[in-house]
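In: Show me how the following folds:
(4 chains)
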There are 2 protein chains.
Amino acid sequence: MKNNLKVERAIHNLTQADLAERIGVSRQSINAMEKNKYVPSTVLALKIAKLFNKSVEDIFFLDEND
Amino acid sequence: MKNNLKVERAIHNLTQADLAERIGVSRQSINAMEKNKYVPSTVLALKIAKLFNKSVEDIFFLDEND
DNA sequence: TTCAAATGTAAAACAAACTTTACATATAGA
DNA sequence: TCTATATGTAAAGTTTGTTTTACATTTGAA
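Out: All right, here's what the predicted structure looks like:
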């Protein structure tokens, strides 16, 4: 799975730490998500999408590995 | 988090085992999701939404615990 | 009522998410 | 250049997702 997190953060002018705080996870979790180190839970995806006023599908994408 | 899985399965006339096979997880995982025993990964949510031609938000909902 | 299919559930094991701490590197502004 | 802020990364530990096996219960159709 891939994602748009870095772009969305840029649009909203948020640091990784800002985003982490807003959705209630550690900064390292955000960093790892952006670097595709792991797949977040659906709760996190929903919270992030909500924060950015987009759908989950606008931010997270299935790829050939999925 | 809550979900609509049971309804969507009914609409598409799929058993838990059918759905499990379609998205590549065990039947117990589907059952546990429906019973809100755990939160699936974003990959699973995306796959399920895609299968049902809906958005993740149409099927999975944040609740007061999130 | 009987039988098969579907669902619920549970325990053990393993994999993956996520946290905490800690440090290194990059970047930009004073 | 110096410093503060942001990002990358790593190891160890905890929690949670997910599988496998196995069995009990429900449901519906013959």
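
In: for residue A:3, phi and psi?
Out: phi -160, psi 170 (degrees, to the nearest 10).

In: Quick check: residues of chain A near DNA strand D?
Out: Taking Cβ under 7 Å from any atom of the strand as the contact definition, chain A meets DNA strand D at A:9, A:15-17, A:27-28, A:31-32, A:34-35, A:41. Where C-beta positions appear, they are placed from N, C-alpha and C, glycine not excepted.

In: Can you select the buried ones from the residues you listed in ChimeraX?
Out: The ChimeraX selection below is limited to those of these classed as buried (16 or more other Cβ atoms under 10 Å in any protein chain shown):
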select /A:9,16,41
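
In: Just send the residues of chain A next to DNA strand D back as CSV, with secondary structure and pLDDT too.
Out: Below are those laid out as CSV (DSSP: H, G, I helix; E, B strand; the rest coil; pLDDT from 0 to 100):
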residue, secondary structure, pLDDT
A:9, helix, 97
A:15, coil, 97
A:16, helix, 97
A:17, helix, 97
A:27, helix, 97
A:28, helix, 96
A:31, helix, 97
A:32, helix, 97
A:34, helix, 97
A:35, coil, 96
A:41, strand, 97
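
In: Can you name the two of the residues of chain A next to DNA strand D that sit furthest apart?
Out: A:15 and A:41 (21.9 Å; Cβ to Cβ).

In: got the contact list for residue A:33?
Out: A:3, A:5, A:40, A:44 (Cβ atoms under 8 Å, 6 or more residues apart in numbering or on different chains).

In: In a markdown table: the residues you listed, plus neighbour count.
Out: As requested, the contacts of residue A:33 are exported to a markdown table (neighbours: other Cβ atoms under 10 Å in any protein chain shown):
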| residue | neighbour count |
| --- | --- |
| A:3 | 20 |
| A:5 | 22 |
| A:40 | 23 |
| A:44 | 21 |
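
In: Could you single out the nearest of the residues you listed to residue A:61?
Out: Nearest member of these to residue A:61, counting by Cβ to Cβ, is residue A:3, at 6.9 Å.

In: wait, what's in contact with the residue nearest to that closest one when sequence neighbours are not counted?
Out: Nearest residue to residue A:3 in three dimensions, chain neighbours excluded: residue A:60, at 4.9 Å (Cβ to Cβ, 6 or more residues apart in numbering or on different chains). Counting by Cβ under 8 Å, 6+ apart, residue A:60 touches A:1-4, A:45, B:42, B:46.
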